[in-house]
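A.B. asks: need a 3D model of the following:
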Amino acid sequence: MKIAIVGTGYVGLVTGTCFAEMGVEVFCVDIDRQKIENLRNGVVPIYEPGLEEMVIRNYEVGRLHFTTDLTEVLDQVEIVFSAVGTPPDEDGSADLKYVLDVARTIGRAMNKYLLVVTKSTVPVGTARRIRQTIADELDRRGVTIDFDIASNPEFLKEGAAVKDFMHPDRIVVGVESDRARRLMEKLYHPFMLNNFRIIYMDIPSAEMTKYAANAMLATRISFMNDMANLCEIIGADVNMVRKGIGADTRIGSSFLYAGCGYGGSCFPKDVKALISTASDHGYPMRILQAVEDVNEEQKTLLFRKLSAHFGGDLQGRKVAMWGLAFKPETDDMREAPSLVLIDRLLEAGCQITAYDPVAIPEARRRIGDRIAYAKNIYETVEGADVLMVVTEWKEFRLPAWARIRSLMKTPLILDGRNIYNIAEIEEAGFTYHCIGR
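C.D. replies: All right, here's what the predicted structure looks like:
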């Protein structure tokens with residue numbers, strides 16, 4: 001079976017590579033010539049555990065191809081996946097420019113039946129727009145060619161995307177014809193052999209499922225952050241509260257960890273887009289608006305704790321920051337709490353030295369030399385007035401506290417991820433502030 005994946009970003013590259021790993025011949029398409037050339041040379045543009053080895057292996061055996069021209073592969077494939085970006089517009093709605101560009105290209109160049117599958121996260125109703133765009137291009141050519149549209153949203157966690165794709169807890173497929181369903185069943189047959197659950201539904205429901213899933217997870221995070229802030233005020237411990245409510249099988253323990261806010265490519269964008277979609281239809285998403293508001297406020301929490309500790313006198317303070325990526329096991333800094341925190345600290349006159357195991361190149365691209373970058377956790381804290389823990393990388397969990405204490409000017413730790421034992425840190429001679437404890 002041969003398929004094309006348009007877009008070699010996070011979703012497209014993982015999707016294409018994993019399908020190739022299962023024996024499908026995959027053409028990955030991207031307009032970025034340098035990115036395609038790098039991929040042909042084994043240079044992967046994102047950090048994702050296990051992905052680079054899989055890309056190289058499947059490229060070398062000829063199951064994975066990279067090209068900048070979608071039109072040259074359309075006659076060879078049965079399915080085209082659209083996995084291009086859908087960045088938020090100024091009003092929070094999803095920008096479908098790239099999605100519709102792909103549809104126009106397909107309509108202008110297709111010569112036989114194709115199943116066009118949306119992998120990108122798109123608002124409900126996008127499939128109809130894709131269908132109409134392709135049909136309009138076919139009309140302009142004066143030809144009649146059958147095609148189908150489908151929706152197959154991704155549910156990949158950054159840092160575990162390869163594992164999630166190869167061992168999914170569910171696969172959601174929205175189709176509107178038996179022919180499209182049979183093709184998707186053929187493509188996902190290797191996964192069905194392992195009894196993975198494939199849920200077929202109508203296309204609008206599939207489009208909504210992706211947004212609803214991310215919105216629910218974001219809601220749980222903001223809910224716990226709100227609870228954590230209240231716990232701090234009244235003297236409760238949010239970790240104990242989390243264990244108590246997480247033991248309820250109706251609730252469960254996933255995504256109930258308090259912290260300094262969520263970020264990344266999905267939750268912020270999708271919550272905003274769902275709010276915008278509802279607004280377009282005259283319905284206010286009151287809960288999701290609160291979810292977003294809580295999250296934006298939470299990203300400033302460590303700054304507010306630092307300001308309170310020093311009585312608002314932050315000019316010239318040296319801040320050590322552990323973690324820049326929005327979560328561990330990725331170099332993704334989209335909507336990362338670290339970016340908000342850095343802006344606030346610099347505005348207050350602080351000097352920042354940061355360390356992240358993989359995200360420093362991405363940080364340099366985004367913020368340049370506005371901050372200093374260290375080679376390891378110990379270099380980061382030299383002469384620092386405070387250590388801020390922003391991303392919960394594993395290598396941050398058991399440092400040599402005596403060494404850190406000797407390197408810092410002021411023994412102050414602000415833990416934005418609640419990863420340390422309060423008694424142990426205080427016994428090591430630090431003033432320790434976390435979230436909700």
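A.B. asks: buried ones in the lengthiest helix in the chain?
C.D. replies: Identified as the longest helix of the chain according to DSSP state H is helix 203-234. Neighbour-count burial for helix 203-234 flags 203-204, 206-211, 213-215, 217-229, 231-232 (criterion: 16 or more other CB atoms under 10 Å). Where C-beta positions appear, they are placed from N, C-alpha and C, glycine not excepted.
A.B. asks: quick check: mean pLDDT of it?
C.D. replies: Mean per-residue pLDDT for helix 203-234: 96.
A.B. asks: also stretch 145-155?
C.D. replies: Mean predicted lDDT for stretch 145-155 stands at 97.
A.B. asks: using the three-state scheme, assign residue 3.
C.D. replies: Following DSSP: H, G, I helix; E, B strand; the rest coil, residue 3 is assigned to strand.
A.B. asks: wouldn't it be in contact with residue 27 here?
C.D. replies: Yes. Contact criterion CB atoms under 8 Å: residue 3 and residue 27 qualify, at 7.4 Å.
A.B. asks: joint contacts of those two?
C.D. replies: Shared contacts of residue 3 and residue 27 (CB atoms under 8 Å, 6 or more residues apart in numbering): residue 77.
A.B. asks: hmm, residue 256 and residue 242 touching each other?
C.D. replies: Yes. Under the criterion of CB under 8 Å, residue 242 makes contact with residue 256 at 4.9 Å.
A.B. asks: between the two, what contacts are shared?
C.D. replies: Listed as contacting both residue 242 and residue 256 by CB under 8 Å, 6+ apart are residue 224.
A.B. asks: for residue 164, see how far away residue 155 is.
C.D. replies: From residue 155 over to residue 164 the distance is 7 Å, taken as CB to CB, to the nearest Å.
A.B. asks: again with residue 276
C.D. replies: 27 Å.
A.B. asks: next, count neighbours for residue 344.
C.D. replies: Using other CB atoms under 10 Å, residue 344 has 18 other residues around it.
A.B. asks: pLDDT score for it?
C.D. replies: 98.
A.B. asks: hmm, it is touching residue 303, no?
C.D. replies: Yes. Under the criterion of CB under 8 Å, residue 344 makes contact with residue 303 at 4.3 Å.
A.B. asks: thinking again about what came up before, give me the next element, helix or strand, following the longest helix of the chain.
C.D. replies: Sequence order places helix 238-246 as the next helix or strand after helix 203-234, per DSSP states H and E.
A.B. asks: that following helix: which residues count as buried?
C.D. replies: Of the residues in helix 238-246, those buried (16+ other CB under 10 Å) are 238-239, 241-242, 246.
A.B. asks: ok, stretch 358-378 next?
C.D. replies: So for stretch 358-378, counting by 16+ other CB under 10 Å, buried means 359-360, 362-363, 366-367, 371, 373-374, 377-378.
A.B. asks: what do you get for stretch 170-177?
C.D. replies: So stretch 170-177, judged by 16+ other CB under 10 Å, has buried residues 171-176.
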